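A.B. asks: turn this into a structure:
(2 chains)
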Amino acid sequence: MWKMTEAGLTCEATKKIGDETILDVEVTANRPDWMSIVGVAREVAAIQGVPFRLPKINDLPKRQQNFPMDYKIDYEVLERWSAVIISDVTIKPSPDWMQHRLELVGLRPINNIVDITNYVMFELGIPMHAFDYDEIRGQIMVVEKAKGGEEFTTVDELIYKLPKDSMIIRDSERIIDLCGIKGGLNSGIKAATKNILIHSTIDNPVLTRRSSIAMGLRSDASAIYERGPDKGGTVQTLKRMAGLILELAGGKIASPLTDIKKDKFEPRNLSLSFKNLKRILGIKIPETEVVQILSRLNLSPKKNALGVNCTIPTYRGDIKIEEDLAEEVARIYGYNKFPTTIPTGKVAIQKIPYYFNDSLILKIKDLLTFSGYSETKNLSLISKELIIRFGMDPDESFRITNPVSLEYEYMRTSLIPSLVSAIKINTAEHLKLFEIDKVYLKIDKKAVEKYKVAGIYLGDNFRKFKTVIDLILSKLNIENYDIEFETDKPYLHQSNAGTIKLKGVTLGEFGEINPSVLATMEIPTKVFCFEMDVETLTKSAKTKLFSPLPTNPAQIEDLTLTFPEKTRIGLVVRTIISMNQFVKSVQLNDVYNAGGVSSSAYKNNYTFRIEYQNPDKTLTNEEAEKIRNEILTTLKSKFGASIRAADS
Amino acid sequence: MQEEIIGLKNEAIAQISGVKDSAELEELRAAYLGRNGKFTLLIKKIKEVPPESRKTFGITLNESKTAIENLISDKKQEFIKSLTEKRDWFDLSMPGYKSNLGHLHPLTHVLKEVKQIFNYLGYQVADGPEIESDYYNFEALNTPKDHPARDSQMTFYVDTTGTNLKMGETVLRTQTSAMQGRVMEKIKPPFRVLAPGRNFRYEQVDASHGFEFWQIEGFVVDENIHLTDLFGTISYVLGELFGKETKIRFATTNFPFVEPGVDTYLQCTICKGKGCSFCKGTGWSEIMPAGMIHPNVLKMAKIDPAKWNGFAFAIGLSRIVNLRYQIKDLRTLTTPDMRILSQF
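C.D. replies: Numbering: from 1, shown residues only, chains lettered A, B, ... in the order given. Here you go, the predicted model:
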């Protein structure tokens, strides 16, 4: 079995039934010739290098009668029509050996004529059909494309409305056959049938496939036609069928052998040069072995100085170019006999189109995992219901016309809904999840795919949540960004969410998820989230230069202040830092809730740890004091700050 | 004066003898012998001593100072010695605190590894659209409309209403091979490209099938690329990922965009080829379709196949992750359950 698989005819299972072994083979789209016993046998013979014997097919015996029939063939529907009429047949069950063989390949025996059509199709690989001659009214068979909507009853007694361009045969009154797929009930073989017309045709693969899909109807025949059976084999197949019929059902040949074809359909030549073979394969296979392999494959190689000239039989429609012959040689020689090498060309340093540098994404992933967030990979396809639940308009998302189910019908425009949904399948109290992946947006009537970094934080502590956002922005050296206290995201709390902007460009949004959204999902706890655009972060990221170490120490002092309500402390910190070049750093060290004081008093004490330093010389106490006073004055006038009142 | 010195010395001795640790000792040293220390100040008082007594004064001072210094030094040694002496039993097995690190997704771990391997071989990484055109997804890969090969990759179609995209021609990418046409038409060889990404195929979801999965496409175009180069590259990469002892074998297969076509089988990492439920009894796992790039694909990208040729392959990243960690259910990779994520 492995040798077959190695050479391309994948065989992974066998069954023993009685004293017969059934092989289960996978036929690839390019080898319709394998859809037959002869095809597989021929292939195995070539792989093993053993002789191969075709079943003996005799020429038709002399015609004894002349039953008339007219044909009108549309070459767009079928390219070849080979047919003959046989009179005085006896319809009865086919012999046991044939019934048994049909059953082994999963077919149900019906009567000798029908069984022979199936038998020969499986044996030789070209579908055949038998008509009751006396049912072909007007003795005319017109092959054409259906207009669409015509009613047709198949031999299985099922009624269909035919799609446009399905392939049909009409007699003078009605449609008697659906070419390539199923025969008609009206012209089928019955117990009383006396005279038959048998034909072997090459039906259009594209039309067969389209009709078959449109009708949801497949057959063994249509499967073969979709791949394109041997155009040069219809006559032999017809002779084989006729031979078996005469043997098993009696009868006389009652017409000449009709063969109407679009082309000659003969074997053609194709050359393979030894130089090109070596170039493709990377090894030199001895010339005699090349000839031997091609000969085993029935490709009639004729060696010359430069290579081989092959005659490609009509059943090898897949061999069109030199590379196809190279594959034939390689696969029979055996892929696993090849040595292994590595390409020897130059490494290209010019950047390729669509070049993608993910080092920033990896850096952000590391920052997030170090901060306790775990990475998820959620599906890109979500439901309409989820989109609406998060307050968004489904029309702004791309919709799939043939989804697997309505749960996966739309493409996500944000990573947040899936991350929030993840809360439902987790039990952890303080869940922290993130995802960095694509969202799919409709912008300017185009599809725009953007990478976003998003995270959710289950918990109450805003400052703990904000830590990771500050961390990411600071590690990317993005400074002096603004936080606007509003966002256009409907799933964020209108009072507790904002947008991060750098010089007017939005980096992302963050804040509390709207509790009404959480309520619809029965999530009782507070959820914070953030979502930022990776490309914008990348463009805004900077490299910070090294600051040489100062030779003198810094002066550190704590300032405790109180502020009026609704003071933006983030802005206070920014103001202090930018106040004076000798303010080296500012940190909010402590927030103490004084509480319990009268309603007009300020409630929180904020302690800032400030470092003053002049890199060139030590600051004197006076100089430091001057800066401190500058700070206090500015904070007082700009924010209404005051030094914490002494405890009284 | 002498009494002052002796008195100070005794005071110092008393203090130092009672010291409990080296920090206190250091404080006392500074207090007595430091810049503003009591002995140091006393030395400065030598001017007030009558000249005939100065010599005695100096000697006594030095003797006292030395005595204090020695005592301090001894005490220091004493402390060090006691620190290094055997102590009461201490439980070294006591666990530290639980670390709160998050976890990277297994796909991220393995993809990083794969990118590193290919970086070594000189490949650059490309990233392209998942909402693709039928042209790049199929036609540029030598798979015209109505080709039966399309059956093995059932396609999702995108509703293009309200956009400039073409209805019926806009699909969700079924294979990362779609990147071949995109990259090749914009750049001249030689190049080595790695294109990881998500693909979509119409499949009903179960333990071994999903409609979203990850592949890593790779392709090389240069002068004189051979089939042996493809075998060599695959063997090297799988050796790095699964260990050099892991067996692989190649089989012939057919795709419209490669000729010769190659399929790679990896020996099942769990049963080592004997056959188990994981590999469905065969002992092998199909993981890497590949082949020499079909000349038609090159021609469509306006690359002359007489001068250039190449190979291409597609690594099933989802499957490799499953094999690496022995994850039996494909859905595990897209389930955001901490019990799963915390294992990586």
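A.B. asks: neighbours around whatever residue of chain A ends up closest to chain B, how many?
C.D. replies: Nearest to chain B, among the residues of chain A, is A:G282, at 2.6 Å (Cβ to the nearest Cβ). In this view, the C-beta of every residue, glycine as well, is placed from N, C-alpha and C. Number of residues near A:G282 (other Cβ atoms under 10 Å in any protein chain shown) recorded here: 20.
A.B. asks: next, the closest residue to A:R296 other than its chain neighbours: secondary structure please.
C.D. replies: Leaving aside its sequence neighbours, A:R296 sits nearest to A:A46 (Cβ to Cβ, 6 or more residues apart in numbering or on different chains; 4.5 Å). What DSSP: H, G, I helix; E, B strand; the rest coil gives for A:A46 is helix.
A.B. asks: where exactly do the helices run in the stretch 451-600 of chain A?
C.D. replies: Counting by DSSP state H, counting those that start in this stretch, the stretch 451-600 of chain A has helices at residues A:462-475, A:515-520, A:534-540, A:569-579.
A.B. asks: of all those, which lies closest to B:A14?
C.D. replies: B:A14 lies closest, by Cβ to Cβ, to one member of those: helix A:569-579, at 51.1 Å.
A.B. asks: run through the chain and note the low-pLDDT ranges.
C.D. replies: If you meant another chain, say so; for now it's chain A. Scanning chain A for pLDDT under 70 picks out A:594-602, A:645-648.
A.B. asks: wrong one, chain B
C.D. replies: Using pLDDT under 70, the flagged stretches of chain B are B:1.
A.B. asks: for chain A, what's its nearest residue on it.
C.D. replies: Closest approach between chain B and chain A, counting by Cβ to the nearest Cβ: B:H226, at 2.6 Å.
A.B. asks: domain parsing for chain B?
C.D. replies: B:2-84, B:106-341 (automatic domain parsing).
A.B. asks: for A:Y491, find the nearest of these.
C.D. replies: When the domains of chain B are ranked by proximity to A:Y491 (Cβ to Cβ), domain B:106-341 comes first, at 17.7 Å.
A.B. asks: and that closest one, end to end?
C.D. replies: 8 Å (Cα to Cα, to the nearest Å).
A.B. asks: ok, now stretch A:400-415?
C.D. replies: End-to-end for stretch A:400-415, by Cα to Cα: 18 Å.
A.B. asks: got it, and stretch A:253-271?
C.D. replies: 42 Å.
A.B. asks: quick check: closest non-adjacent residue to A:E375.
C.D. replies: Among residues not flanking A:E375 along the chain, B:H105 sits closest, at 4.2 Å (Cβ to Cβ, 6+ apart).
A.B. asks: where do the helices of chain B begin and end?
C.D. replies: B:2-17, B:22-33, B:38-44, B:51-84, B:106-120, B:134-137, B:178-184, B:227-242, B:295-300, B:317-325, B:338-341 (DSSP state H).
A.B. asks: among these, which is nearest A:I293?
C.D. replies: helix B:227-242 (15.1 Å).
A.B. asks: could you measure the residue lying closest to A:K363 once chain neighbours are set aside against B:T108, distance?
C.D. replies: Of all residues not flanking A:K363 in the chain, A:K475 sits nearest, at 7.1 Å (Cβ to Cβ, 6+ apart). Counting by Cβ to Cβ, to the nearest Å, the gap from A:K475 to B:T108 is 19 Å.
A.B. asks: now the strands for the stretch 151-300 of chain A?
C.D. replies: With DSSP state E, counting those that start in this stretch as the criterion, the stretch 151-300 of chain A has strands at A:151-153, A:159-161, A:167-170, A:175-178, A:182-183, A:196-203, A:252-253, A:258-261, A:268-273.
A.B. asks: any chance of those strands in a markdown table, plus distance to chain B and mean neighbour count?
C.D. replies: Below are those laid out as a markdown table (distance: least, Cβ to the nearest Cβ, whole Å; neighbours: other Cβ atoms under 10 Å in any protein chain shown):
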| stretch | distance to chain B | mean neighbour count |
| --- | --- | --- |
| strand A:151-153 | 22 | 16 |
| strand A:159-161 | 21 | 13 |
| strand A:167-170 | 14 | 24 |
| strand A:175-178 | 18 | 24 |
| strand A:182-183 | 19 | 24 |
| strand A:196-203 | 14 | 26 |
| strand A:252-253 | 36 | 18 |
| strand A:258-261 | 22 | 16 |
| strand A:268-273 | 12 | 16 |
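A.B. asks: circling back: can I get the helices of chain B in a markdown table with distance to B:N199 and mean neighbour count?
C.D. replies: Converted to a markdown table, those look like this (distance: least, Cβ to Cβ, whole Å; neighbours: other Cβ atoms under 10 Å in any protein chain shown):
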| stretch | distance to B:N199 | mean neighbour count |
| --- | --- | --- |
| helix B:2-17 | 79 | 14 |
| helix B:22-33 | 67 | 16 |
| helix B:38-44 | 82 | 14 |
| helix B:51-84 | 65 | 14 |
| helix B:106-120 | 13 | 17 |
| helix B:134-137 | 10 | 20 |
| helix B:178-184 | 9 | 25 |
| helix B:227-242 | 20 | 20 |
| helix B:295-300 | 18 | 19 |
| helix B:317-325 | 10 | 21 |
| helix B:338-341 | 22 | 17 |
